[in-house]
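**Q** Please work out how this folds:
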Amino acid sequence: MSSSGATFAGPVADWQAQTGQERIDRALGAPRIAYLGHDASDAAVRRRVRALLDDGLTVTGFMPHRRVPKDLFWQHVDLGETRDGAFGQRVKSIFAGAKAIAQNPAFMAADLVIARNLDMLGMAFEAKRRARLGTPVIYECLDVHRMLTRTDSVGKVMRRLERALIKRCARVWVSSPGFLENHFEVHHGGHYGADLMENRLPAASDFGPRPVLAGSRVEGPFKLGWIGNLRCKRSFHLLLSLADQFGPAVEVHLHGVPARREIEVFEPEVETRDNVNFHGRYQAPDDLAEIYAPLDAVWAGDFMEAGANSEWLLPNRLYEGGYFGVPPIAPSGTQTAAWIKAHQTGLLIDEPLGRSLPDLVKDLIESPEPLATARERLLAQPKNVFVEPRGEMARLVRSALRQEVCR
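**A** Model (predicted):
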């Protein structure tokens with residue numbers, strides 16, 4: 001396990017050893033954050049670290065990686081390589097990672113630990129135990145893992161473990177109210193305090209101005225995008241079927257990284273269709289304006305964990321597409337659908353989606369007024385619906401620290 005750009009200067013200050021006034025001074029000043037992310041190469045992890053740094057916080061990352069991370073812009077301690085879906089390996093890495101973290105001066109000096117996902121939360125508390133630290137911890141939950149939603153004994157054990165850990169957390173951060181309503185309140189009600197941290201664009205990043213309002217779509221093929229973590233096999237085949245039914249009248253644009261465990265055959269399916277374009281990995285937020293500019297709509301459905309996480313989440317595409325005025329298309333009965341209804345900014349379809357999605361696209365090609373209306377409503381929304389307000393991360397961090405001081 002190696003470090004990349006990891007330097008530390010300053011005294012090691014155990015939270016328990018500080019006086020109340022010292023803790024308040026740290027909370028009001030520049031708190032030092034130990035950030036435990038599940039993958040240093042993950043775009044969402046990088047976005048969160050960027051937001052913390054942009055708000056003036058000091059961050060040291062302690063993270064494994066699934067691909068060799070490039071252009072690290074934070075103090076970083078590498079915890080080795082993990083594989084997507086390899087849950088057993090990730091459990092073993094908790095103890096190896098905790099041992100390395102517990103010996104690191106930046107971890108011992110941190111005023112706050114933020115742990116993303118359950119395995120990193122376990123690593124955080126194991127590292128604290130080894131180092132005998134009382135540093136407060138925030139649990140950042142952006143997906144409810146399928147292991148936690150199982151109805152068998154394995155699921156029960158995982159939920160008991162999660163409850164035991166969150167009872168010791170300062171706060172829980174979630175990216176969707178659906179996680180609170182359907183998971184945390186059901187299984188852990190009364191054992192945590194939570195903050196909503198939606199997947200909005202980072203405040204300080206330069207992703208360009210919002211587009212000028214246009215009344216209707218341009219002539220040519222109807223362009224539908226699927227952008228981000230391409231992990232849903234059903235969505236993939238729905239879009240391929242759409243391309244097959246409409247031929248040159250529809251173009252499907254795929255941007256991101258396919259999840260090989262979920263979609264076993266990807267490129268061969270794309271390459272046999274002239275109207276399906278796979279653009280590969282992209283840099284967010286740098287490439288977002290170019291990605292969304294040509295699109296008429298963005299697909300915002302997910303079925304990888306149908307009946308659970310997939311129905312509860314709010315995807316990045318809502319916020320990215322919304323900023324650039326690209327209406328989402330989503331299945332009814334989901335948290336995404338509820339968000340779209342509340343903002344009146346997209347189009348919803350009912351089961352069976354294999355029929356309702358082509359019917360909708362056919363209608364939009366013939367009469368694009370609903371699309372134009374959704375676009376107008378998107379561009380009329382305040383910017384902070386899609387972009388995180390500057391200072392939001394620092395505010396939540398300091399609020400959590402103040403609450404710990406007052407305990």
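**Q** need the strands for the stretch 1-150 of the chain, in chain order.
**A** 3-4, 32-36, 58-65, 75-81, 112-116, 137-141 (DSSP state E, counting those that start in this stretch).
**Q** can you list the weak-confidence ranges in the stretch 301-407 of the chain?
**A** 406-407 (pLDDT under 70).
**Q** make it 90
**A** 402-407 (pLDDT under 90).
**Q** just the helices in it please.
**A** 309-312, 316-323, 335-343, 353-366, 369-380, 392-406 (DSSP state H, counting those that start in this stretch).
**Q** One more: the stretch 101-250 of the chain?
**A** 105-108, 118-131, 146-149, 153-166, 177-179, 185-188, 233-246.
**Q** Now distance to Lys383, mean pLDDT and mean neighbour count too, for these, in CSV please.
**A** Just so you know, the C-beta spots here come from the backbone N, C-alpha and C atoms, and that holds for glycine as well. Listed next are those as CSV, based on distance: least, Cβ to Cβ, whole Å; pLDDT from 0 to 100; neighbours: other Cβ atoms under 10 Å:
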stretch, distance to Lys383, mean pLDDT, mean neighbour count
helix 105-108, 35, 95, 22
helix 118-131, 31, 95, 22
helix 146-149, 34, 93, 17
helix 153-166, 33, 96, 15
helix 177-179, 21, 97, 20
helix 185-188, 31, 96, 15
helix 233-246, 29, 98, 18
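**Q** Quick one: closest of the ones you listed to Glu369.
**A** helix 233-246 (19.5 Å; Cβ to Cβ).
**Q** list the helices and strands that closest one packs on?
**A** Counting by 3 or more Cβ pairs under 8 Å, 6 or more residues apart in numbering; DSSP states H and E, the packing neighbours recorded for helix 233-246 are strand 222-230, strand 250-258, strand 276-280, helix 353-366.
**Q** For Glu404, which of these is the nearest?
**A** Among those, if distance is taken as Cβ to Cβ, the winner is strand 222-230, at 33.3 Å.
**Q** Now do the closest one: which elements does it pack against?
**A** Looks like strand 222-230 contacts helix 233-246, strand 250-258, helix 288-292, strand 297-299, helix 316-323, helix 353-366 (3+ Cβ pairs under 8 Å, 6+ apart).
**Q** Export the ones you listed as JSON lines, with columns for distance to Lys70.
**A** As requested, the helices and strands packed on strand 222-230 are exported to JSON lines (distance: least, Cβ to Cβ, whole Å):
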{"stretch": "helix 233-246", "distance to Lys70": "27"}
{"stretch": "strand 250-258", "distance to Lys70": "14"}
{"stretch": "helix 288-292", "distance to Lys70": "18"}
{"stretch": "strand 297-299", "distance to Lys70": "26"}
{"stretch": "helix 316-323", "distance to Lys70": "20"}
{"stretch": "helix 353-366", "distance to Lys70": "36"}
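**Q** wait, Gly280 sits on Phe266?
**A** No - Gly280 lies out of contact with Phe266 (Cβ atoms under 8 Å); the separation is 11.1 Å.
**Q** For these two, indicate the residue with more neighbours.
**A** A direct count of neighbours by other Cβ atoms under 10 Å for Gly280 and Phe266 places Phe266 higher, at 17 against 9.
**Q** what about the nearest residue to the more buried one once chain neighbours are set aside, how many neighbours?
**A** Distances taken as Cβ to Cβ, 6 or more residues apart in numbering place Pro258 nearest to Phe266, at 4.5 Å, with adjacent residues excluded. Other residues lying near Pro258 total 20 when counted by other Cβ under 10 Å.
**Q** quick one, what contacts Pro258?
**A** 230-231, 266 (Cβ atoms under 8 Å, 6 or more residues apart in numbering).
**Q** Could you do Pro177 as well?
**A** So Pro177 contacts 196, 335 (Cβ under 8 Å, 6+ apart).
**Q** how near is it to Leu348?
**A** The gap separating Pro177 from Leu348 is 18 Å, by Cβ to Cβ, to the nearest Å.
**Q** do Ala51 as well
**A** For Ala51, the distance to Leu348 - Cβ to Cβ - is 30 Å.
**Q** Check Pro211 too.
**A** 23 Å.
**Q** Of the two, which one has the most company?
**A** Leu348 (19 against 16).
**Q** show me what contacts the more buried one?
**A** Leu348 neighbours (Cβ under 8 Å, 6+ apart): 329-332, 337, 340-341.
**Q** Nearest residue to it in space, ignoring adjacent ones along the chain?
**A** Ser332 (4.8 Å).
**Q** burial of that neighbour, as a residue count?
**A** Ser332 - counted by other Cβ under 10 Å - has 15 other residues nearby.
**Q** shouldn't it be in contact with Asp350?
**A** Yes - using Cβ under 8 Å, Ser332 makes contact with Asp350 at a distance of 5.1 Å.
**Q** With distance to Leu224 added, can I get the helices of the stretch 101-250 of the chain in TSV?
**A** Formatted as TSV, the helices of the stretch 101-250 of the chain follow (distance: least, Cβ to Cβ, whole Å):
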stretch	distance to Leu224
helix 105-108	45
helix 118-131	34
helix 146-149	27
helix 153-166	36
helix 177-179	24
helix 185-188	35
helix 233-246	7
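**Q** Would you tell me which of the ones you listed gets closest to Ile291?
**A** The nearest among the helices of the stretch 101-250 of the chain, by Cβ to Cβ, is helix 233-246 at 15.8 Å.
**Q** Show me how far the closest one is from its chain's centre.
**A** Relative to the centre of its chain, helix 233-246 is centred 25 Å away, using Cα atoms, centre = their mean, to the nearest Å.
**Q** swap in stretch 154-168?
**A** So, by Cα atoms, centre = their mean, the centroid of stretch 154-168 is 22 Å from its chain's centroid.
**Q** ok, residues contacting that stretch?
**A** By Cβ under 8 Å, 6+ apart, stretch 154-168 touches 118, 121-122, 125, 137, 139, 145, 147-150, 172, 184, 187-188, 191-192.
**Q** One more: stretch 190-202?
**A** Against stretch 190-202 from outside (Cβ under 8 Å, 6+ apart): 44, 47, 50-51, 54, 139-140, 142, 163, 166-167, 169-177, 180, 184, 207, 285, 288, 314-316, 318-320, 323, 384-388, 396, 403.
**Q** could you give the mean pLDDT of it?
**A** The average pLDDT for stretch 190-202 rounds to 92.
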